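*Asks:* 3D, please:
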Amino acid sequence: MEHQIPITSMDQEQPEAKPAPPQDIPEQIREISEKVARTLREFKESETYDRIIEGKETVRDYIRNNPLASFGYALGAGVFIGFILKKSR
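*Replies:* Numbering: from 1, shown residues only. Now for the predicted structure:
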C-alpha cells in the first residue's frame, strides 16, 4: 500500500510577513529609560533620599528593640484599616 505525500511548490505565493514596527519606538523607549535613570540618580543624590534611609534604619532599630510593641501597633493598624474598608463596602 502506497502513501501519497503532498508536495508544495516553493513557487506558490507565501503569506505576507507582518510589517515591521516603526523604528521610532525603540528611540522613545531609550529616551524614557534615560530620563528615568537620570531622575533616580538625582533622587539618590538628594537630601530627601538620605533622610528616608535614616528613617528606615531608625524604624528597623525600634522594631528590633521593641518587638511586642511593634506587633501591637501593626495589629492595631490592621484592625483599624479593616474597619475602614469594611464600612466603605
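
*Asks:* show me where the protein has its strands.
*Replies:* For the chain, applying DSSP state E gives no strands.

*Asks:* got a pLDDT number for Val59?
*Replies:* The per-residue pLDDT reported for Val59 equals 95.

*Asks:* count of residues packed around Ser70?
*Replies:* When neighbours are counted by other CB atoms under 10 Å, Ser70 registers 14. C-betas here are computed from N, CA, C, even on glycine.

*Asks:* what's the local residue count around the residue nearest to it when sequence neighbours are not counted?
*Replies:* Once flanking residues are discounted, Ser70 sits nearest to Ile63: 4.5 Å by CB to CB, 6 or more residues apart in numbering. When neighbours are counted by other CB under 10 Å, Ile63 registers 14.

*Asks:* now Asn66. Its backbone dihedrals?
*Replies:* phi -130, psi 70 (degrees, to the nearest 10).

*Asks:* residue contacts, Pro36?
*Replies:* That one is not Pro; residue 36 is Val. Under the criterion of CB atoms under 8 Å, 6 or more residues apart in numbering, Val36 has no neighbours.

*Asks:* re the thing from before, quick check: the residue nearest to Ser70 touching Phe71?
*Replies:* No: if you go by CB atoms under 8 Å, Ile63 and Phe71 don't touch, sitting 9.0 Å apart.

*Asks:* show the low-confidence segments of this structure, by residue range.
*Replies:* Low-confidence segments of the chain (pLDDT under 70): 1-25, 88-89.

*Asks:* try 90 this time
*Replies:* For the chain, applying pLDDT under 90 flags the ranges 1-30, 33, 86-89.

*Asks:* residue contacts, Tyr49?
*Replies:* Tyr49 sits in contact with Phe43, where contact means CB under 8 Å, 6+ apart.
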